[in-house]
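> Structure, please.
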Amino acid sequence: MTFSTRHPLHRPMLDDVRGAQRMLAGVARTTALEGSRHLSSLVGAPVLLKCENLQRTGSFKLRGAYVRIAGLRPEEKAAGVVAASAGNHAQGVALASQLLGVRATVFMPVGAPLPKVAATREYGADVRLQGHVVDETLAAAEEYARETGAVFIHPFDHEDVIVGQGTVGLEILEQCPEVRTIVVGIGGGGLAAGIGLAVKSVRPDVRIVGVQAEGAAAYPPSLAAGHPVVVDTPVTMADGIKVGRPGDVPFGLVQEYVDEVRTVSEDALSSALLLCLERAKLVVEPAGASPVAALLSDPASFRGPVVAVLSGGNVDPLLLQRILRHGMAAAGRYLSLRLRVADRPGALATLLAVLTVVDANVLDVSHVRTDPRLGLTEVEVELHLETKGPEHCREVEGALREAGYTVLV
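Just a heads-up that it's a prediction; the model follows:
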């Protein structure tokens with residue numbers, strides 16, 4: 001997706017971030033920094049999770065939206081604000097506007113998840129569903145701004161938004177003064193730019209690592225080119241970082257303050273989300289789990305203590321269900337296989353008895369009797385099993401072969 005930009009009045013500085021922190025006192029929560037024993041054991045150093053998924057509205061977006069809207073002139077506040085978003089930015093703008101007494105209109109795609117639409121309305125915004133993709137929704141919001149004079153609130157490409165997000169970095173330094181590496185997801189770049197600015201201005205030795213989804217990685221080619229470039233049709237489950245072009249304002253700050261940008265696969269994202277849920281008891285959206293995905297993908301490459309920023313937790317329950325299935329498959333927790341058995345009474349019960357002995361949980365069973373490759377007295381059985389991991393999968397396959405079955409995985 002692409003966004004129009006508004007260039008800053010001056011280059012953001014550490015004092016701006018500190019001013020934003022004072023402004024946000026009593027508005028944004030100082031979110032918890034929770035240790036992760038599992039990730040720490042993988043990395044070989046302390047790993048802590050910065051839980052912005054537990055922020056008001058479920059993500060860090062409130063910080064930047066509030067600072068941006070609070071900084072408007074009285075006549076701009078009187079005209080109201082408008083935003084375009086499928087989720088986190090929408091809710092951040094809606095709550096910030098409610099707290100500041102400013103009228104907010106938020107355009108959301110027609111297919112936006114109903115819980116996000118309902119939450120945005122509950123925060124007091126006038127929600128308008130328009131467009132089937134975010135670019136169409138964005139165009140509608142910009143047209144509304146031109147027609148009404150409402151101020152368009154960009155999700156990442158404005159200095160006030162960036163310094164608001166940078167308060168996350170100041171909190172990390174206060175909560176973990178000994179931090180050596182901060183890992184943060186990157187979409188348009190506002191959060192990474194803000195954290196990088198705040199942290200590097202105080203602790204230039206801290207390494208900042210940005211993370212993008214492989215299918216929506218606009219920053220690596222942009223950094224190589226020295227200017228923002230567009231990635232056509234970005235594709236990823238991590239809609240919070242699904243941005244096709246870096247913002248002009250954050251791009252320069254990312255160039256200066258972010259040491260490295262890595263990419264992670266969809267399998268890594270789903271495995272990271274599953275880990276957050278099972279091990280940390282935290283509901284995190286795919287974009288918020290991207291730093292954990294980077295840690296899982298190459299744990300030995302991070303110097304600790306490491307802080308991974310869980311940027312958001314707003315995930316649609318139906319999507320969460322699909323992602324968890326994907327994550328369990330990526331982690332080797334599901335096993336699908338086919339095998340042929342005699343087509344006679346009791347054959348399936350005998351097969352299931354073998355699976356019972358090795359403690360494999362049968363999720364689904366289906367039969368094929370019409371394949372011309374089958375003998376007259378054969379039936380093919382397809383099984384979907386829940387296992388304890390890759391080693392257990394091998395144990396299940398071995399037990400079936402030992403019992404005389406020909407297994408096709």
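
> my read is Gly398 is in a strand, agree?
No. Judged by DSSP: H, G, I helix; E, B strand; the rest coil, Gly398 forms no part of a strand; its state is helix.

> Give me the neighbour count for it.
12 (other CB atoms under 10 Å). Where C-beta positions appear, they are placed from N, C-alpha and C, glycine not excepted.

> Show me where the stretch 101-250 of the chain has its strands.
104-108, 126-129, 151-152, 181-185, 207-213 (DSSP state E, counting those that start in this stretch).

> any idea which of those strands is most buried?
Mean neighbour counts were compared across the strands of the stretch 101-250 of the chain using mean count of other CB atoms under 10 Å; the top stretch is strand 181-185, at a mean of 27.

> now that one and strand 207-213, what's the angle there?
Interaxial angle of strand 181-185 relative to strand 207-213 (axes from the mean of the first three to the mean of the last three CA atoms, to 10 degrees): 20 degrees.

> List the strands paired with strand 181-185, with their directions.
strand 207-213 (parallel), strand 306-310 (parallel) (DSSP bridges).

> Make TSV from those strands and add distance to Thr137 and mean pLDDT to it.
Output for the strands paired with strand 181-185, formatted as TSV (distance: least, CB to CB, whole Å; pLDDT from 0 to 100):
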stretch	distance to Thr137	mean pLDDT
strand 207-213	21	97
strand 306-310	26	98
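
> how about CSV for those strands, with distance to Ala268 added?
Output for those, formatted as CSV (distance: least, CB to CB, whole Å):
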stretch, distance to Ala268
strand 207-213, 9
strand 306-310, 13
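
> starting at the chain centroid, how far to stretch 94-103?
Centre-to-centre, stretch 94-103 and its host chain are 25 Å apart (CA atoms, centre = their mean, to the nearest Å).

> Can you list the neighbours in contact with it?
Applying CB atoms under 8 Å, 6 or more residues apart in numbering, the set of residues contacting stretch 94-103 from outside is 27, 56-57, 62, 65-66, 68-70, 72, 77, 80-81, 104, 106, 119-121, 123-126, 150.

> Any idea how far stretch 132-151 is from the middle of the chain?
25 Å.

> buried sites along the longest helix along the chain?
Ranked by residue count and defined by DSSP state H, the top helix of the chain is helix 159-175. Residues 159-173 are the ones in helix 159-175 that count as buried (16 or more other CB atoms under 10 Å).

> Next, the angle strand 306-310 makes with that helix.
140 degrees.

> and helix 159-175, what does it pack onto?
On a contact count with 3 or more CB pairs under 8 Å, 6 or more residues apart in numbering; DSSP states H and E, helix 159-175 meets helix 14-24, strand 33-35, strand 47-51, helix 61-70, helix 190-202, helix 248-257, strand 306-310.

> With mean neighbour count and distance to Ser271 as added columns, please give the ones you listed in JSON lines.
Output for the helices and strands packed on helix 159-175, formatted as JSON lines (neighbours: other CB atoms under 10 Å; distance: least, CB to CB, whole Å):
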{"stretch": "helix 14-24", "mean neighbour count": "19", "distance to Ser271": "33"}
{"stretch": "strand 33-35", "mean neighbour count": "15", "distance to Ser271": "19"}
{"stretch": "strand 47-51", "mean neighbour count": "25", "distance to Ser271": "16"}
{"stretch": "helix 61-70", "mean neighbour count": "29", "distance to Ser271": "25"}
{"stretch": "helix 190-202", "mean neighbour count": "28", "distance to Ser271": "22"}
{"stretch": "helix 248-257", "mean neighbour count": "22", "distance to Ser271": "26"}
{"stretch": "strand 306-310", "mean neighbour count": "29", "distance to Ser271": "14"}
